[in-house]
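Student: missing the sequence, but the structure's below:
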């Protein structure tokens, strides 16, 4: 199965977004937590004074956002506001509808939301989150100028679906914890990712060049990644990888080496309107003659009719010097270690 890979980012220090993270809105006191193909992009109303001082979303210790996020199953562990970048590892991003810092949301004016709808449209187009969830009815109302009920909305923002949650602010104390949690869990059910085991080949030639390909679409250069795909139900991983190499590259009789890497990432697959929690394993495979690698035509069902495929053999040095994006992001580092030190005793996590 062939599909376009996501572009997501890892975590970093609070005031220093991870390498490759999306730029934040310059007007805001709090950096946007953004990445490609998120499960949910949560949109608060605006920075409060505590959050602005901490440069972290929902930083007021009385705000229930991070606790609800974990309790509903969005994050694998309870994150502190200072760990906001780690939410990207679970496909969760955060932004605000208005940028101006105020003591409370009641201090906002209509002018504070000027351009907010257009900005969210740009975010939906550029980053393709599966859902945008407004944290509070007033955040939605500020952006679209209309009243709304909680839950799934008929409105979409491009291909992105819209959900409205109760406010998690301590000022909304009239709404009890259980009711807030119920709506967070409803969103969790609606946006639940499908776990997808996958395998990929670190295909190396005699010069230790690695074969990579990517899908390029208008205004999107794509991500270079190793060939492979999903493991079908009941299929052995090695058999799955040989099948994928035959389907994608017409490569037969491949002798697979050890499974040396693994990675996990959550991403949205627009072609199937699904959120996937992909668990990948990487095996080394040697190709004596590069002419035996013959990429087949991709299936537009998975990547879209406006995509075109590119493929090439890369040296480690070329990857290190390139401004292109690779999956995993630290591909050059891990590949150099593999070539210089040989396979690790056990598979290592190569991150995003």
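Tutor: Perfect, thanks for sending it. Given the structure is predicted, the values throughout are model-derived calculations rather than measurements.
Student: Could you check the pLDDT of the spatially closest residue to residue 128 that is not a sequence neighbour?
Tutor: Counting by CB to CB, 6 or more residues apart in numbering, the nearest residue to residue 128 once its immediate chain neighbours are dropped is residue 37, at 5.4 Å. From N, CA and C alone the C-beta is placed, and that goes for glycine too. On the pLDDT scale, residue 37 is placed at 72.
Student: so residue 37 sits in a helix?
Tutor: No: with DSSP: H, G, I helix; E, B strand; the rest coil as the criterion, residue 37 is coil rather than part of a helix.
Student: Pull the number of nearby residues for it.
Tutor: 22 (other CB atoms under 10 Å).
Student: Wait, it touches residue 124, no?
Tutor: No: with contact defined as CB atoms under 8 Å, residue 37 does not reach residue 124; the gap is 11.5 Å.
Student: Torsion angles phi and psi at residue 153?
Tutor: Backbone geometry at residue 153, expressed as degrees, to the nearest 10, gives phi -100, psi 150.
Student: Tell me the predicted confidence for it.
Tutor: pLDDT at residue 153 comes out at 95.
Student: Nearest residue to it in space, please, no chain neighbours.
Tutor: Closest to residue 153 by CB to CB, 6+ apart is residue 162, at 4.1 Å.
Student: picking up where we left off before, phi, psi for the residue nearest to residue 128 please.
Tutor: The phi/psi pair for residue 37 (degrees, to the nearest 10) is phi 50, psi 50.
Student: Buried ones in stretch 155-167, by neighbour count?
Tutor: Neighbour-count burial for stretch 155-167, counted by 16 or more other CB atoms under 10 Å, picks out 157, 158, 160, 161, 162, 163, 164, 165, 166, 167.
Student: Endpoint to endpoint, that stretch covers what distance?
Tutor: Terminal residues of stretch 155-167 lie 20 Å apart, using CA to CA, to the nearest Å.
Student: now it, how far from the chain's geometric center?
Tutor: 18 Å (CA atoms, centre = their mean, to the nearest Å).
Student: before we move on, the earlier item: residue 204 versus the residue nearest to residue 128, what's the distance?
Tutor: 29 Å (CB to CB, to the nearest Å).
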